[in-house]
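Sequence and predicted structure, then a few things I'm wondering about:
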Amino acid sequence: MPTNLPPEAIEAERRFRAARTTADRIATLEEFLSLIPKHKGTDKLRADLRKKLAKLKSDTEVRKKGAVRQSSVFRIDREGAGQAAVIGPTNVGKSALVAALTNAAPEVADAPFTTWKPIPGMMPVENIQIQLVDTPPLDREFVEPELLDLIRRADLILLVVDLQTDPLQQLEAAVTLLEEHHIAPSHRQDRYTEEQHMTFRPLLVFVNKNDDERTDEDFEICCALLDEEWSLHPISATSGRNLERLKRLVYEQLQIIRVYSKPPGKEPDYETPFILPKGSTVDELAAKVHRDFFEGLKTARVWGSGVYDGQLVGRDHVLQDGDIVELRI
Ligand SMILES: Nc1nc2c(ncn2[C@@H]2O[C@H](COP(=O)(O)OP(=O)(O)OP(=O)(O)O)[C@@H](O)[C@H]2O)c(=O)[nH]1
Ligand SMILES: [Mg+2]
């Protein structure tokens, strides 16, 4: 413990050490943390204590939920057209990004190890919603198996790094850590053998805090130093720079199509498309609309790309994004 702490912090630390119940430990640790002066000399101490606090909180949450036979706070129900886990080292702006893009309001703070449990939010992209999940920092000293499981379950990984804090080193550290836990980006699939039992997920790398033109050069340098298999996307959660592009990229990576079903003689419902994996057929749409359509489908007509308006198609016709389909039973 550094000796240059103010007396009230030392006193709070003593109370924390004396606390016996988890609730008391959390309360006294929060108090202790709030009394430590914020400067470079205490960065490490504050980070360590925040980790400890996060662990205490997540343990109690799990225990509480366990009592009612629910799973941990790391199990986030999937909603919308797809789930993307927003991951990365501490302080890079993951929470700021999720707050900027979704209806969620995770805490954003300068201090490291702010987020201690995953927080989902819905990001509107055109007429669909994609779920983003803010996560606690991905940190070698504090690897939570549950965080890795969450990442494995997601459809897509958004790795956020910080332009102002050695982004390339952050990228490498994160990818190595994931790799050690058998998670790898889909675009690097060729590098692994079957025996390694990897889970492959599409992974996009966003370099945050590229707030305006003044930092563009730093970003260019980063890109030049990196080998070609990676592409970096500059963004700023606070200024909103390139966030529309991020949305587009996320949408494209999910490999989904939107299809509008239309009752015979009526207009399609453009508000609520059916979301299907790319390459889906009329049959798969019918199954999604209703079992009756799947079982009793007589004809299907499509308005969209690669067909003439209202063309009659077979059950195995592959649908395209934006197609309008009229199913008749
Ligand atoms: N200049 C700038 N600062 C940002 C940006 N995004 C986030 N920040 C700041 O970076 C700090 C950390 O932001 P958070 O969103 O809490 O970071 P985090 O990655 O969620 O951190 P942990 O929860 O500890 O993992 C805060 O002070 C934010 O205001 C950005 O785009 N530009
Ligand atoms: Mg956070």
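Thanks, I have it. Numbers count the residues shown, from 1 in each chain. Ligands and ions are numbered 1, 2, ... in the order given.

From here on, just use CA atoms for contacts and neighbour counts.
Fine.

Compute the distance between R75 and E326, please.
Applying C-alpha to C-alpha, to the nearest Å, the value for R75 to E326 is 38 Å.

Those two: who's more crowded?
With neighbours defined as other C-alpha atoms under 10 Å, R75 and E326 compare such that E326 has more, 23 against 14.

quick check, the more buried one in a strand?
Yes. Judged by DSSP: H, G, I helix; E, B strand; the rest coil, E326 forms part of a strand.

Test my guess that it contacts K298.
No. E326 is beyond contact range of K298, at 10.8 Å (criterion: C-alpha atoms under 8 Å).

Okay, and the beta partners of the single nearest residue of the stretch 151-300 of the chain relative to ligand 2?
Proximity of the stretch 151-300 of the chain to ligand 2 (C-alpha to the ion) peaks at V160, 11.1 Å away. Note on V160: beta-bridge partners by DSSP bridges are F206.

Around it, how many other residues sit close by?
So V160, with other C-alpha under 10 Å, has 29 neighbours.

hang on, it packs against V205?
Yes. Between V160 and V205 there is a contact at 6.0 Å, judged by C-alpha under 8 Å.

need the contact list for the nearest residue to K247 once chain neighbours are set aside.
Sequence neighbours aside, V125 is the residue nearest to K247 in space, at 6.4 Å (criterion: C-alpha to C-alpha, 6 or more residues apart in numbering). Neighbouring residues of V125 by C-alpha atoms under 8 Å, 6 or more residues apart in numbering: K247, R248, Y251.

Find me the pLDDT at V125, would you?
pLDDT recorded at V125 is 96.

What about it? Give its phi and psi, please.
phi -130, psi 110 (degrees, to the nearest 10).

can you check P120 too?
Here P120 shows phi and psi, under degrees, to the nearest 10, equal to phi -90, psi 150.

so of the contacts of V125, which ones are in helices?
K247, R248, Y251 (DSSP state H).

Tell me how far the second one lies from R315.
The reference is to R248. The gap separating R248 from R315 is 30 Å, by C-alpha to C-alpha.

Neighbour count: these two, which is higher?
Remark: of R248 and R315, R315 carries more neighbours, 17 against 12, as counted by other C-alpha under 10 Å.

That one touches S280, doesn't it?
No. Look at R315 against S280 with C-alpha under 8 Å: they stay out of range, at 10.5 Å.

Run through the residues of the stretch 51-200 of the chain sitting next to ligand 1.
89-96, 108-110, 112-115, 136-137 (C-alpha under 6 Å from any ligand atom).

Helices of the stretch 51-200 of the chain, start to end?
In the stretch 51-200 of the chain, the helices defined using DSSP state H, counting those that start in this stretch lie at 94-101, 145-153, 167-180.

Minimum distance to L285: which of these has it?
Proximity to L285 (C-alpha to C-alpha) singles out helix 145-153 among those, at 24.3 Å.

where does V250 land on pLDDT?
pLDDT, V250: 98.

Please spell out which residues along the helix or strand of the chain with the lowest mean pLDDT are buried.
In the chain, no helix or strand scores lower on mean pLDDT, DSSP states H and E than helix 43-67, which sits at a mean of 79. Residues 46-58, 62 are the ones in helix 43-67 that count as buried (16 or more other C-alpha atoms under 10 Å).

any idea how far the residue positioned nearest the centre of the chain is from ligand 1?
In the chain, the residue lying closest to the centroid (C-alpha atoms, centre = their mean) is A85, at 2.0 Å. With distances taken as C-alpha to the nearest ligand atom, to the nearest Å, A85 is found 12 Å from ligand 1.
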